[in-house]
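Undergrad: here you go, sequence then predicted model.
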Amino acid sequence: MSKPKFAMYWASACGGCEIAVLNTDEKVLELDANFDVAFWPAAMDVKYQEVEAMEDASLLVTLFNGAIRTDENEHMAHLLRRKSKILVAFGSCANEGCIPGLANLSTREDLFERAYSGPSTENPEHLRPQTIWRAPEGVLTLTPLQPVVRTLDQVVEVDYHVPGCPPESRQIAVVLDLLIAVVNGAAELPPKGAVLGAGESTVCDECPRSRDVKRLTKLSRIQELPSLDTTTCLLEQGLMCSGPATRSGCDSRCPNVGAPCIGCYGAAPGVLDQGARLMTAIASVVDEKEPEAIDRVLDGLPDPAGTFYRFSLAHSLLRANRAALAETP
Amino acid sequence: MTSQQERVGVYVCHCGSNIAGVVDVESVVKFAAEELKDRGVVLARDYTFMCSVAGQELIEQDIREQGLTRVVVAACSPHLHEKTFRGACERAGLNPYLAEMASIREHVAWVHSGHAAATAKAKSIVSGTVERVLKNEALDAIKVPIDAATLVVGGGIAGLQAALEVAEAGYEVYLIEREASLGGHMAQFDKTFPTLDCAACILTPKMASAGSHPKIHLFTWSEVEKVEGFVGNYTVSVKKKPRYIDEDVCTGCGICVEKCPVLVVDDNFEAGIGYRKAIYWPFAQAVPNLPVLDPDTCTYFIGAKTKDKGGCKACEIFCPTVPNSILFGQKEERVTLKVGNIILATGWELFNARRIPQYGYGRLANVFSNLELERMCNAAGPTGGKIVLRDGQTAPKAVGIVHCVGSRDRNYNPYCSAICCMQSLKLAHLVKERSGAEVYNFYIDIRTPGKDYDEFYQRVIDEGVHFVRGKVADVSDVPLGPGEESGKLYIQVEDTLAGLQRRIPVDMVVLASGLEPRHDSAEVGKTFGISCSTNGWFIEKHAKLDPIATMTDGVFVAGCAQGPKDIPASVAQGAAAAARVLSYIRQGELALEPVRASVVEEQCSGCRLCNGLCPYNAISFVEERRVSEINAALCQGCGTCVAACPAGAIQGSGYSNEQLFAQIEGLLREVRHETEVV
């Protein structure tokens, strides 16, 4: 009997998810031993035409990382959905838009302006990338940018979710072990829509720091603090820590070493909008009465959208700003 | 259970013409019956008054005969009739929390005039409510025992009446009074309108019975600092200010007051026209019969503060009790009380007439406030009941009483203070009787709606008191023109009946200053969890049908704290509040709304963000399990923690995400249909 087929695809993302899979060390060999790796652009050369030629549902599982930002991303999402029995949204970009999703606060024109004519760019001729370029040697095409970043499940049906930016290698190993066990008949697939490789609570649950009633009178950035207490809650020390609103599963790696959680594991179970949750939670514990004093506390947050929605904007209730949304067909 | 399996009944109320006058009720019924059929609506009806017995029976009958599993009543605000319709469901055997109201009166008919748009909005609201009710879960009321002890705040006539009624029924009462004696404003008056019986003669017996009643525990010179808990189970923290008197030892002999050499103006009880000592009784019949020492004017305290040494101590030296009753070192005390119900009877304050400079109060010596004149008329007051000018001896030959000072005036208070017309008539009568002076009343309208009140007005007219209809423009001591002599006060007024401007010379002007809420009513309201109207009076639960209860269950209002009223109305409201409290006490336990927050322990990470947020202190942290916990009896279902929980680990029953999102979906049904068509 031939081995079941495995695929991994990299859409609009940084590549960290791919590295995280490789970081599982010898688990990759086990993957190879149990699966026929049919398509994995980062690891081997397989052309899109070859995927298109595959029979529908012939891939047992595809780990899809990256958001849907371009026409090519969308095309591949539909293609891999068709070819895969199990489609896994792998990593924060595919699940909630992640850092690329913050681009939804701008229109494409604003993005190009910033990227190609911004203060750090030398571009006196105002060159812009073109989707079609007729060169003497032939026609070059570049996939068009879509108006907003979307998550995989906003484009196609998704079977499972593995959160994290990137997912922790320890947790990836758990997911791979599960898949291998399923292949070998030693385990059953969890119910469709399940979140794999993560906890069922929030980061605070795993954080060893002591915690007390929260009373925020000042928010600081870490570099502004003269010193950091190593044993008490970072939020209580005035650092904007997203741990209370972020799904557990990372073993609270950042708070463990004194860096506030930035929220990469996404919303807690059952929570629809991580940013909104975090915002109401932080606003609730600002311990000031006068409007001016409240403003002073909130001034400690120079980038509220980028802080509360650092990872989840594209999958939030708002999704994008009006101007960007207006360009969607 | 899916919506297909539920059987929803929709009832649309006409509310006479309140709803039907604006909303096309039949069209809403048709919409529910036809368009919402696929959402589980099996029948839709309309009725003139759903809240009537017949309307309620309609629902009960349908639940029994049509097997309804969900009920939507599109009528008024749930504030008004949610209980009514939930009761109807319960009688028919349906869990009351499977019924919802759609407010198409307050939210639609009363705020819109366009029929088509109002009808469309009513349909949207009904659609949203149907979607919501499909997600409702059956809930059971939470039973809590009622503590039989009652807190009464304010020892004026309203509070006294309430305290005595509850105590007479055999239950403990804690009566808190900010001043040193019971009595309130009524104790300052000489006579009461319209019968002219002596205020003290009818008030002091009540004060004395409250003071000696075995069930009434007096806390005078005390204030409530903090209130925690909920109906039936309040924990109240009371601050006892130091009297510098040993209450257990003092016999009230009064030697200390007699020997105290310091005389100061009494701005409080004597309204600034009399004196008291540094150690004093608020007034002769004070209850409890204990003096109070004012450290701000006492020689010993001033000395101790400024020169590291006291002085005087005459009170202590002459005090005959053993041990000595004077305790210079007495400190503030805090007492914690457990009560089931609270009656707020915190009264009123006098409008400060200095705010109207053209009337000259505080600037022209012989302009008096009505309260000053009350003290002057009082036989036990500073003048022994004689009506005299500020010099303390000259009797006035003409007195002008100015009505509506600070009331019915958009520059100050827009409301009518309710009692000043009658008080001014009473003062006019007393001045005329005691001094024989000519008395002029300057009024806008005379308001005498009480029993025997207008008869009293006619009597005062017959006695020869002059009435000038017009708002006084100005009171001046400067003579204008050759006909006017100096040393008089001139009242400039437009006599609107005669149609001319008049300047009336008098010797004394009395300003009928209106009633204002206590200066700290907003803070007091916050302490007790109730709110104030824009004018500052405590808001009752319903202006007509429940003028005694408040939106916080177990907190009742009585007397002028709720709005200006006269003595009979204050007494009636005090007694009514007591009746409500007694009804609660007799029930023994109360069924609380089961709309409560609860923590899903598996999802709680113990971040403690919610711990400091609960206004009812219902949240505690369980150190061993590292989770937060909510006390269901303390929780009032306000939802603050539900919104704040960053992990979504706190759920509010009756207000789940599913219910709210379903409701939004339902509300936007038409929008969705339109976009789908496009």
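TA: Done, it's in.

Undergrad: CA atoms for contacts and neighbours, from now on please.
TA: OK.

Undergrad: count the neighbours of the residue nearest to residue B:328 when sequence neighbours are not counted for me.
TA: Closest residue in space to residue B:328, ignoring its immediate chain neighbours: residue B:244 at 5.4 Å, by Cα to Cα, 6 or more residues apart in numbering or on different chains. Residues near residue B:244, counting by other Cα atoms under 10 Å in any protein chain shown, number 20.

Undergrad: from memory residue B:244 sits against residue B:324, does it?
TA: No - judged on Cα atoms under 8 Å, residue B:244 makes no contact with residue B:324 at a distance of 11.1 Å.

Undergrad: got the residues of chain B near chain A?
TA: B:602-613, B:643-648 (Cα under 8 Å from any Cα of the partner chain).

Undergrad: let's go with 6 Å and repeat that
TA: B:603, B:605, B:607-609, B:611-612, B:644, B:646-648 (Cα under 6 Å from any Cα of the partner chain).

Undergrad: turn those residues into JSON lines, including pLDDT and secondary structure.
TA: Converted to JSON lines, the residues of chain B next to chain A look like this (pLDDT from 0 to 100; DSSP: H, G, I helix; E, B strand; the rest coil):
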{"residue": "B:603", "pLDDT": "92", "secondary structure": "coil"}
{"residue": "B:605", "pLDDT": "93", "secondary structure": "coil"}
{"residue": "B:607", "pLDDT": "94", "secondary structure": "coil"}
{"residue": "B:608", "pLDDT": "95", "secondary structure": "coil"}
{"residue": "B:609", "pLDDT": "94", "secondary structure": "coil"}
{"residue": "B:611", "pLDDT": "92", "secondary structure": "coil"}
{"residue": "B:612", "pLDDT": "90", "secondary structure": "coil"}
{"residue": "B:644", "pLDDT": "93", "secondary structure": "helix"}
{"residue": "B:646", "pLDDT": "95", "secondary structure": "coil"}
{"residue": "B:647", "pLDDT": "94", "secondary structure": "coil"}
{"residue": "B:648", "pLDDT": "92", "secondary structure": "coil"}
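
Undergrad: contacts only, for the residue nearest to residue B:328.
TA: B:293, B:326-328, B:330 (Cα atoms under 6 Å, 6 or more residues apart in numbering or on different chains).

Undergrad: from those, which single one is nearest chain A?
TA: Distance to chain A across the contacts of residue B:244 (Cα to the nearest Cα) is lowest for residue B:330, with 34.1 Å.

Undergrad: CSV for the contacts of residue B:244, including pLDDT, neighbour count and secondary structure?
TA: Below are those laid out as CSV (pLDDT from 0 to 100; neighbours: other Cα atoms under 10 Å in any protein chain shown; DSSP: H, G, I helix; E, B strand; the rest coil):
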residue, pLDDT, neighbour count, secondary structure
B:293, 96, 24, strand
B:326, 96, 25, strand
B:327, 95, 15, coil
B:328, 93, 17, coil
B:330, 95, 13, coil
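
Undergrad: tell me the one of those residues nearest residue A:269?
TA: residue B:330 (57.4 Å; Cα to Cα).

Undergrad: now do the residue nearest to that closest one when sequence neighbours are not counted against chain A, distance only.
TA: Spatially, and ignoring its direct neighbours in sequence, residue B:330 is nearest to residue B:244 (5.3 Å; Cα to Cα, 6+ apart). Distance, residue B:244 to chain A, by Cα to the nearest Cα, to the nearest Å: 36 Å.

Undergrad: next one: phi and psi at residue B:244?
TA: Torsion angles at residue B:244 (phi, psi; degrees, to the nearest 10) stand at phi 70, psi 30.

Undergrad: pLDDT weak spots in chain A?
TA: A:1 (pLDDT under 70).

Undergrad: show me the contacts for the residue nearest the centre of it.
TA: Centroid-nearest residue in chain A: residue A:92, 1.6 Å away (criterion: Cα atoms, centre = their mean). Under the criterion of Cα under 6 Å, 6+ apart, the neighbours of residue A:92 are A:98, A:163-165.
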